[in-house]
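Student: Just the structure for this:
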Amino acid sequence: MSEFSSGLTFSDGPGGLLSDNVVQFARLLRRSGLPVGPAETLAAERALSCIDFSDRSEARAALRGVMVHRHEHREVFDQAFSLFWRDPNAARQAAMASLLADQKEKPQRAEAGSRRVAEAFAPKASREKREPEEPEADAVLTVSERERLQTMDFEAMSAAQITAAKAEIRRLVLPLDERRTRRRRPDPAGPDADLRGTLRASLRHGGAIVTLARRSRTTRPPPLVVLCDISGSMARYAQILLHFLHAVSNDRERVSVFLFGTRLSNITRQLRSRDPEVAFELVARVVPDWSGGTRIGDSLAAFNRHWARRVLGQGAVVLLVTDGLDREAARGLSANMERLHHSCSRLIWLNPLLRWSGFEPKSQGIRAMLPHVDEFRPVHNLASLRDLIGLLSRPAGRSISWRATA
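Tutor: Now for the predicted structure:
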């Protein structure tokens, strides 16, 4: 079977074969740079079960309605749909023709959609053959491309750049400022005398005290709690940040991850799976409101009521990832933010809107949340993630305003 089972048509029926092809089609869209996640894939399968999928135009309209959220993504979707749901040989020939045509001198904007689809649809061998063929300039171009990738907005990345960004994210290490705990451990150079340990050691010498046992306090990173917005305005950033959260969850203990849109979902257990594909498939089963509306106040109220006492002990650090655009007009948001702030040792708000130099806190949600955070920082590219890692590895300092971080 080919990499994408594009030879299957809608007349194959609503069985498992069609369902597998919907999953493969969603992967093609992700490679093309569209923000298509597990929620869109499940919605596409449900949409096809409600229509006459033998009608090609009706099926395309149904899939476009649930898998495309922005007007500028429609052209890319149409290109991918035409290539995928047709004869496999013709589809691959069209993809290779687009790749060959892309090598000619022409404006990049003219064929942006078809180029991205062709790159995603081409087999891996073809993508490997299109590596740069100028070894004398390879080192310079590699460094330049990698530096440009660090500062590129996630929303503006192509399919290949998103893949490279996810690979960079998997290599990030998140150290946290370690805190002293009440537990103690044996330590020959420790500052405290261990009387019980001394008596136990004396039994080996007939009750004679030969040496004085000592001990010191243990240190460990505080718990990390992440509350990530998955509403429509945050969907693209949330999909990429999930790779970062998956890597962090598998790299350290005491990490709790919650997603919220119109409701709160705990995905801590699902992210523990080592395989990212398996983890995200499990996440899709427990998160019903991906790319929906935003009820920040209600979601924070649910967290404070059901989860705060369980996960916010021992100096927990909270990362709140949202743009602050609440459709409930900030109802109850200020009170719940204040309670959350008092329940943790450090509350850091990560907002992709800070990528704009002219950002102003004009919405009611942002104004209600801003007084209750310790740090207000952007999260829109790899450089901002690296700055976040540097921030968490340092002891908590004084609160800073949004103007100091913009």
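
Student: Spit out the contact partners of Phe244.
Tutor: Phe244 sits next to Ile169, Leu172, Leu385 when contact means C-beta atoms under 8 Å, 6 or more residues apart in numbering. Glycine gets a C-beta too; all of them are placed from N, C-alpha and C.

Student: Could you rerun that using 10 Å?
Tutor: The neighbourhood of Phe244, defined by C-beta atoms under 10 Å, 6 or more residues apart in numbering, consists of 165-166, 168-170, 172, 174, 226, 228, 321, 379, 382, 385, 388-389.

Student: which residue ranges form the helices in the stretch 51-200 of the chain?
Tutor: Per DSSP state H, counting those that start in this stretch, the stretch 51-200 of the chain carries helices over the ranges 56-67, 74-84, 88-102, 112-121, 124-129, 138-151, 159-170, 195-202.

Student: Tell me the buried residues within the contacts of Phe244.
Tutor: When the contacts of Phe244 are checked for burial by 16 or more other C-beta atoms under 10 Å, the buried set is 165-166, 168-169, 172, 174, 226, 228, 321, 379, 382, 385, 388.

Student: Which member of these is positioned nearest Arg56?
Tutor: When the buried ones among the contacts of Phe244 are compared for distance to Arg56 (C-beta to C-beta), Lys166 comes out closest, at 32.9 Å.

Student: What separation do you get for the closest one and Leu382?
Tutor: 10 Å (C-beta to C-beta, to the nearest Å).

Student: residues of stretch 280-287 that come out buried?
Tutor: Phe280, Glu281, Leu282, Val283, Ala284, Val287.

Student: can you tell me which two in those are farthest apart?
Tutor: Across the buried residues of stretch 280-287, the longest distance by C-beta to C-beta is 11.2 Å; it joins Glu281 and Val287.

Student: Looking at the residue nearest the centre of the chain now. What's its pLDDT?
Tutor: The residue lying closest to the centre of the chain (C-alpha atoms, centre = their mean) is Leu241, at 1.8 Å. Per-residue pLDDT puts Leu241 at 85.

Student: Surely it touches Val226?
Tutor: Yes. Counting by C-beta atoms under 10 Å, Val226 is a contact partner of Leu241 at 8.6 Å.

Student: Overlap in contacts, those two.
Tutor: Leu319, Val321, Leu350.

Student: which residues of this structure score low on pLDDT?
Tutor: Within the chain, the segments meeting pLDDT under 70 span 1-16, 53, 86-147, 173-179, 393-406.

Student: domains in it, as residue ranges please.
Tutor: The chain breaks down into these domains under automatic domain parsing: 10-129, 179-220, 224-405.

Student: Let me have the ones you listed in TSV, extended by distance to Gln161.
Tutor: Listed next are the domains of the chain as TSV, based on distance: least, C-beta to C-beta, whole Å:
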stretch	distance to Gln161
domain 10-129	8
domain 179-220	37
domain 224-405	10
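
Student: how much space between the residue lying farthest from the centre of the chain and Ala59?
Tutor: For the chain, the largest distance from the centre (C-alpha atoms, centre = their mean) belongs to Gly206, which lies 60.7 Å off. Counting by C-beta to C-beta, the gap from Gly206 to Ala59 is 87 Å.

Student: Please apply the same query to Gln270.
Tutor: Counting by C-beta to C-beta, the gap from Gln270 to Ala59 is 31 Å.

Student: what about the helices in the stretch 251-400 of the chain?
Tutor: Going by DSSP H, counting those that start in this stretch, the stretch 251-400 of the chain shows helices at 276-286, 296-306, 308-311, 333-343, 364-369, 382-392.

Student: Which other helices and strands does the first one contact?
Tutor: With contacts defined as 3 or more C-beta pairs under 10 Å, 6 or more residues apart in numbering; DSSP states H and E, helix 276-286 has these neighbours: helix 38-49, helix 235-251, strand 255-260, strand 264-266.

Student: Also compute the angle for that helix relative to helix 38-49, please.
Tutor: Here helix 276-286 runs at an angle of 60 degrees relative to helix 38-49 (axes from the mean of the first three to the mean of the last three C-alpha atoms, to 10 degrees).

Student: The fourth one now?
Tutor: Here helix 333-343 points in a direction 130 degrees away from that of helix 38-49 (the same axes, to 10 degrees).

Student: CA atoms only: put helix 333-343 into PDB for me.
Tutor: The C-alpha trace of helix 333-343 is given here as PDB (Å, rounded to 0.1, in the frame of the first residue of the first chain):
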ATOM      1  CA  LEU A 333     -12.600  35.500  35.500                       C
ATOM      2  CA  SER A 334     -10.900  37.900  37.900                       C
ATOM      3  CA  ALA A 335     -12.000  36.000  41.000                       C
ATOM      4  CA  ASN A 336     -10.900  32.700  39.700                       C
ATOM      5  CA  MET A 337      -7.500  34.100  38.500                       C
ATOM      6  CA  GLU A 338      -7.000  35.500  42.000                       C
ATOM      7  CA  ARG A 339      -7.700  32.200  43.600                       C
ATOM      8  CA  LEU A 340      -5.400  30.400  41.200                       C
ATOM      9  CA  HIS A 341      -2.600  32.900  41.900                       C
ATOM     10  CA  HIS A 342      -2.900  32.400  45.600                       C
ATOM     11  CA  SER A 343      -2.800  28.600  45.300                       C
END
